[in-house]
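> 3D, please:
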Amino acid sequence: MAVDIVQVKRLKDLTGVGLTDAKAALEASNGDFDQALKEMRAKGLTKAEKRGERQVSAGVIGNYNHDNRIGVIVEVNCETDFVARNEIFTNMVKDVAMHIAASNPEYVSRDDVPETAVKSVEKELRDKAESEGKPKDMIDKIVSGQLDKYFSERCLLSQPFVKNPDQTVGGFVKEHNARLGENIVVRRFSRLALGEVA
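Purely as a prediction, here's the structure:
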């Protein structure tokens, strides 16, 4: 079946694949753009996972200022200066900084949470479950689930992205990893709010 070249270009721009791949995806989905986009994103994210081990030494320090009351700086790394200067990448960094201003995460990811913080929260949750008389054989499972929820709300990459709550910030970054063809890592951030005491 013949596919619309405008749709092919649109699919290419949204996913970062070549024109030939975009055309093949649209043909395979019988012209269903949404289905083709879903398939290409799935393939792109699979490739993005494989890129996760590659060295990231380029990147940018991005910032966001909200009403002169909340300021954020964030370091996001990529593999090359070429991508670091790319408008798609710099816009992604701004969006991540804006998300940090809005959602106030404490850590980049669960890997960054100090073990002492995990133990402290785990103890609180366990004491609470025991004081509420939860069944002893269920307490470990209850505490584990609550612990995951507690830290997913406080870790940047697992928070729902403010511009698209159906997607996590980690998913948003991975999508750009697939689109730009490089490993992208949010390294660190700092958020200041006017009048807030550290």
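
> Can you get me a residue count around residue 171?
Counted with other C-beta atoms under 10 Å, residues neighbouring residue 171 total 15. (C-beta placed from N, C-alpha, C; glycine too.)

> My read is that residue 126 contacts residue 146, right?
No: judged on C-beta atoms under 8 Å, residue 126 makes no contact with residue 146 at a distance of 9.4 Å.

> so the residue nearest to residue 79 when sequence neighbours are not counted, which of the three states?
With sequence-adjacent residues excluded and distances taken as C-beta to C-beta, 6 or more residues apart in numbering, residue 79 is closest to residue 182, at 4.3 Å. What DSSP: H, G, I helix; E, B strand; the rest coil gives for residue 182 is coil.

> For residue 182, give me the pLDDT.
We have a pLDDT of 87 for residue 182.

> thinking it is in contact with residue 78, fair?
Yes: look at residue 182 against residue 78 with C-beta under 8 Å: they come within range, at 4.9 Å.

> More neighbours: which of these two?
Between residue 182 and residue 78, counted using other C-beta under 10 Å, the more crowded position is residue 78 (26 against 22).

> Wait, that one touches residue 180, no?
Yes: judged on C-beta under 8 Å, residue 78 makes contact with residue 180 at a distance of 7.2 Å.

> Pull up the overlap in contacts between the two.
residue 89 (C-beta atoms under 8 Å, 6 or more residues apart in numbering).

> Next secondary structure element downstream of the helix or strand of the chain at the bottom of the mean pLDDT ranking?
Among the helices and strands of the chain, helix 33-51 carries the lowest confidence by mean pLDDT, DSSP states H and E, at a mean of 65. Next in sequence after helix 33-51, counting helices and strands by DSSP states H and E, comes strand 58-66.

> elements contacting that next one?
Under the contact criterion of 3 or more C-beta pairs under 8 Å, 6 or more residues apart in numbering; DSSP states H and E, strand 58-66 touches strand 70-78, helix 81-84, helix 87-103.

> Who are the packing partners of the helix or strand just after the last one?
Where DSSP H and E defines the elements, the next helix or strand beyond helix 87-103 is helix 115-131. For helix 115-131, the elements it packs on are helix 136-154, judged by 3+ C-beta pairs under 8 Å, 6+ apart.

> Quickly note the distance from residue 113 to residue 182.
Distance of residue 113 to residue 182, given as C-beta to C-beta, to the nearest Å: 27 Å.

> Now the residue sitting nearest the centre point of the chain. Nearest residue, chain neighbours left out?
Nearest to the mean C-alpha position of the chain, by C-alpha atoms, centre = their mean, lies residue 170 at 1.7 Å. Of all residues not flanking residue 170 in the chain, residue 157 sits nearest, at 3.6 Å (C-beta to C-beta, 6+ apart).

> Could you report the neighbour count for that neighbour?
Neighbourhood size, residue 157 [other C-beta under 10 Å]: 22.

> do the same with residue 146
Considering only other C-beta under 10 Å, residue 146 is surrounded by 17 other residues.

> and it, what is it in contact with?
Applying C-beta under 8 Å, 6+ apart, the residues near residue 146 are 125, 129.

> quick one: pLDDT of the residue of the chain most remote from its centre?
What lies farthest from the middle of the chain is residue 133; by C-alpha atoms, centre = their mean that is 37.5 Å. Here, the pLDDT recorded for residue 133 equals 83.
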